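1. pasting the sequence and the predicted model now:
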2 protein chains.
Amino acid sequence: MVGASMTRFGVRPESPKRLFAEATADAFASVEKSMDARDVQEAWVGSMAFGGWQFGNTAAYLIEQAGLPGIPAQRVENACASSGFALRDAVLAIRSGACDVALVGGLEKMNDISGLHKRYWLGVSGDTAWERMAGATFPGVYAMMASRHMHEFRTQALDLASVAVKNHANGAKNPHAQFQRAITLEKALASPMVASPLTMFDCCSTTDGAAVLLLASEGHARKYTDTPIWVDGSGAATDMLAVHDRPSMTTLPATVKAAGVAYAEAGVSATDIDLAEVHDCFTIAEVLATEDLGFCGKGEGGAFAREGRGAIGRDVAVNSSGGLKAKGHPLGATGAGQAVEVFEQLHGKAGGRQVSGAEVALTHNVGGSGATCAVHVYRRG
Amino acid sequence: MVGASMTRFGVRPESPKRLFAEATADAFASVEKSMDARDVQEAWVGSMAFGGWQFGNTAAYLIEQAGLPGIPAQRVENACASSGFALRDAVLAIRSGACDVALVGGLEKMNDISGLHKRYWLGVSGDTAWERMAGATFPGVYAMMASRHMHEFRTQALDLASVAVKNHANGAKNPHAQFQRAITLEKALASPMVASPLTMFDCCSTTDGAAVLLLASEGHARKYTDTPIWVDGSGAATDMLAVHDRPSMTTLPATVKAAGVAYAEAGVSATDIDLAEVHDCFTIAEVLATEDLGFCGKGEGGAFAREGRGAIGRDVAVNSSGGLKAKGHPLGATGAGQAVEVFEQLHGKAGGRQVSGAEVALTHNVGGSGATCAVHVYRRG
């Protein structure tokens, strides 16, 4: 990874093409030496692209509007894991020798969709027949996971709120974040109930934004930077769409599988990770991720959060960017956005949220309620 | 390529998951030795997926329903070129060493969408601001290309109708085809005008269907078959979405670029191709493709068609399957469906439409009006 940038996530009135072009220009500007559109040979763009805007040939359109017409480009759709999988495609393409410089993008516009449509479209990333048609929106599905985790492991509302407090504290120091204000435990615990036991501060937001990564092969990276970030591991997996088809509600097997592959490729284990951007679409999702990624044992995710072990400077910095919770969650842009945080952190450019001495990082991007997952492991060059 | 199959294309009342599962089961059955779901390590599924059915996490859903839960899978959306690009991803992934056995799928359900929605969704694969909002549907855009080709090169309505007659004659011998009846030149020329100069028989149809390919690495292919079909070349490109942004209306630069890469990788030229499945969404599109792929010179595509040089047994068999015109065009399934024809032809199993002695083949899959294109070259092992 030789360049990476993102728009500020949030409520963005600009058109999708403007957001994407902004992130692309900023990504070129982030390259230490020099890179421009002519250097890029192929592109993969993750977007769920719902909402009725440009919908077919989306990647060609965005690439053209960002000033890179003509190169091979394609859209990847894996719900909220779209750009995590786009990153995987680009990594494999570079490994294959098909290209030496690739662009990975992510994009979503959510705020100009009316409320009813938003619920409808979001829901289709989960099971339709038994969840959505029965009224189970995503907060409902993750609330069931939280309830079960509380039942099995005595996890508390306080544990979940601790995730929100940590992530908002980190987001307060991230100029890219949608929400740049710290919150207190009291505020989180007293916020309105959305789907019991999840309150408003247990849920991520509705977000617009774009993120762009620039990748180069081992042989070409040094043309662009003296400090490349190596993508040492790429793992991915799927799972049954419906939560009731899985053996347990307190683990995401796709995370476990994808992480296993990524760790093995990179030759590292969970204890080597200095910072991890994990998919906290809900606070319980971060609790599950810290367990499934091996940062703590099964059932210990609540205590891990409550004891602050995911804070910057502790065991492993979990969501130093603010995560989906505070940085925001523009579905298709989230996976690429996670890698932008890795790029800034491993270059020591994360300002007030810097993880000191960070050398090895991980991103964890989940689609829906765990039907898809992509995990990548990075190392400072 | 060690296995390939497709549903019959046409008006299919079955659900998307049933169509995809049918094509997957048939693809496994097509493997000479033996292969089952456990052999497949990763999947890419092309689908434009419009119409409001399952829309996020589509690949995970289809893969699960086809009996392959858990493996990494993703949806690729590049309008009508979706599964051509899915094939490219799988080829690059195998070349990279990330997997040894991959599944490539394509799927579309078009017939249960109401007329107005169909026009709307189809249109979004072209330019919105200047084409769609001005009323230019795809037949209109291709009609402009045809008019210009007639103006520049004296191409005639008869030439276009000759494409339709050839492709329907081929489709009549293809049990997978939506339309299995030959038509006469008189019938084609007398059919109702859709967008002048394109009549009904110049246009492809509205189609449901699925197609699945099974790929294996060079080291693993012989476990599954003694007669693998090698994918020797993969090329892809994009172009400006709006036709008015391109220097010419009588060529698709994305085709020229993608074919150049695919030919070079495969070490062949146009004269080596025994059969070519080209993207004839309209008859004029086949005329342009025969020129852009190098089967004849610029401006000679009309004469090439009129003189029957694309018929089976002549210069090169163009659309021996019947093409999009007669086999049908279920957008996201078309690219994979083209490769199914190659698989059957290069194994000598194409029945009454067999291209005798076929050894080298090409597929040409276009998205929208040429904003995306993927070309692959194959060789009998």
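-> Looks like it arrived, so ask away. The model shown is predicted, which means the values in this text are computed figures rather than measured ones.
2. which secondary structure element contains A:Val194?
-> Using DSSP states H and E, A:Val194 maps to strand A:193-195.
3. which residues belonging to that strand are considered buried?
-> Residues A:Val194, A:Ala195 are the ones in strand A:193-195 that count as buried (16 or more other Cβ atoms under 10 Å in any protein chain shown). For every residue, glycine as well, the C-beta is placed using N, CA and C.
4. how far off centre is stretch A:276-295?
-> Stretch A:276-295 sits 11 Å away from the centroid of its parent chain (Cα atoms, centre = their mean, to the nearest Å).
5. my bad, should have said stretch A:166-182
-> The answer for stretch A:166-182 is 15 Å, by Cα atoms, centre = their mean.
6. what does that stretch rub up against?
-> Taking contacts as Cβ atoms under 8 Å, 6 or more residues apart in numbering or on different chains, the residues outside stretch A:166-182 that touch it are A:6-11, A:165, A:183, A:201, A:205, A:207, A:209, A:280, A:286, A:305, A:308, A:310-312, A:318-323, A:325-328, A:337, A:340-341, A:350-353.
7. same thing but 7 Å
-> Contacts with stretch A:166-182, where a contact means Cβ atoms under 7 Å, 6 or more residues apart in numbering or on different chains, come from A:6, A:8-10, A:183, A:205, A:207, A:280, A:308, A:310-312, A:319-323, A:325-328, A:351-353.
8. what subset of those is buried?
-> Judged by 16+ other Cβ under 10 Å, buried ones among the contacts of stretch A:166-182: A:6, A:8-10, A:183, A:205, A:207, A:280, A:310-312, A:319-323, A:325-328, A:353.
9. close to chain B: what parts of the stretch 251-381 of chain A are there?
-> For the stretch 251-381 of chain A, the residues in contact with chain B (Cβ under 7 Å from any Cβ of the partner chain) are A:Lys257, A:Gly367, A:Gly368, A:Ala371, A:Thr372.
10. looking at those, which are in helices?
-> Within these, residues falling in helices by DSSP state H are A:Lys257.
11. please name the residues that touch A:Pro192.
-> Contacts of A:Pro192 (Cβ under 7 Å, 6+ apart): A:Thr199, A:Met200.
12. quick check: A:Met133 vs A:Gly313, distance?
-> Relative to A:Gly313, A:Met133 is positioned 46 Å away (Cβ to Cβ, to the nearest Å).
13. in chain A, which spans are helices?
-> A:16-30, A:58-65, A:82-96, A:115-123, A:138-153, A:157-171, A:185-189, A:221-224, A:253-266, A:283-292, A:301-306, A:323-327, A:334-346.
14. could you count how many residues lie near the closest residue to A:Lys257 other than its chain neighbours?
-> If the residues on either side of it in the chain are set aside, A:Lys257 comes closest to A:Ala237, at 3.7 Å by Cβ to Cβ, 6 or more residues apart in numbering or on different chains. Residues lying near A:Ala237 (other Cβ atoms under 10 Å in any protein chain shown) number 27.
15. wait, A:Ala237 sits on A:Ala371?
-> No: using Cβ atoms under 7 Å as the test, A:Ala237 is too far from A:Ala371 to be in contact (9.6 Å).
16. for chain B, see how far away A:Leu92 is.
-> Distance of A:Leu92 to chain B, given as Cβ to the nearest Cβ, to the nearest Å: 4 Å.
17. that residue touches B:Arg95, doesn't it?
-> No: A:Leu92 is beyond contact range of B:Arg95, at 8.4 Å (criterion: Cβ under 7 Å).
18. which one's more surrounded, the two?
-> Higher neighbour count among A:Leu92 and B:Arg95: A:Leu92, with 23 against 18, using other Cβ under 10 Å.
19. quick one: residues contacting A:Ser196.
-> Applying Cβ under 7 Å, 6+ apart, the residues near A:Ser196 are A:Ala143.
20. deepest in the core, which of the helices of chain A is it.
-> helix A:323-327 (a mean of 33; mean count of other Cβ atoms under 10 Å in any protein chain shown).
21. packing partners for that one?
-> When contacts are defined as 3 or more Cβ pairs under 7 Å, 6 or more residues apart in numbering or on different chains; DSSP states H and E, helix A:323-327 sits against helix A:157-171.
22. mean confidence for the helix it packs on?
-> Helix A:157-171 comes out with an average pLDDT of 98.
23. with stretch A:257-272 instead?
-> Across stretch A:257-272, the average pLDDT comes to 98.
24. the bottom helix or strand of chain A by mean pLDDT?
-> helix A:115-123 (a mean of 65; mean pLDDT, DSSP states H and E).
25. so where's chain A uncertain?
-> Along chain A, the parts satisfying pLDDT under 70 run over A:49-55, A:114-122.
26. what do you get if the cut-off is 50, keeping everything else the same?
-> Scanning chain A for pLDDT under 50 picks out A:51-52.
27. how about the nearest residue to the residue of the stretch 201-350 of chain A found nearest chain B, chain neighbours excluded?
-> For the stretch 201-350 of chain A, the residue closest to chain B is A:Ala236, as judged by Cβ to the nearest Cβ, at 3.6 Å. Once flanking residues are discounted, A:Ala236 sits nearest to B:Pro72: 3.6 Å by Cβ to Cβ, 6+ apart.
28. no more questions from me, cheers.
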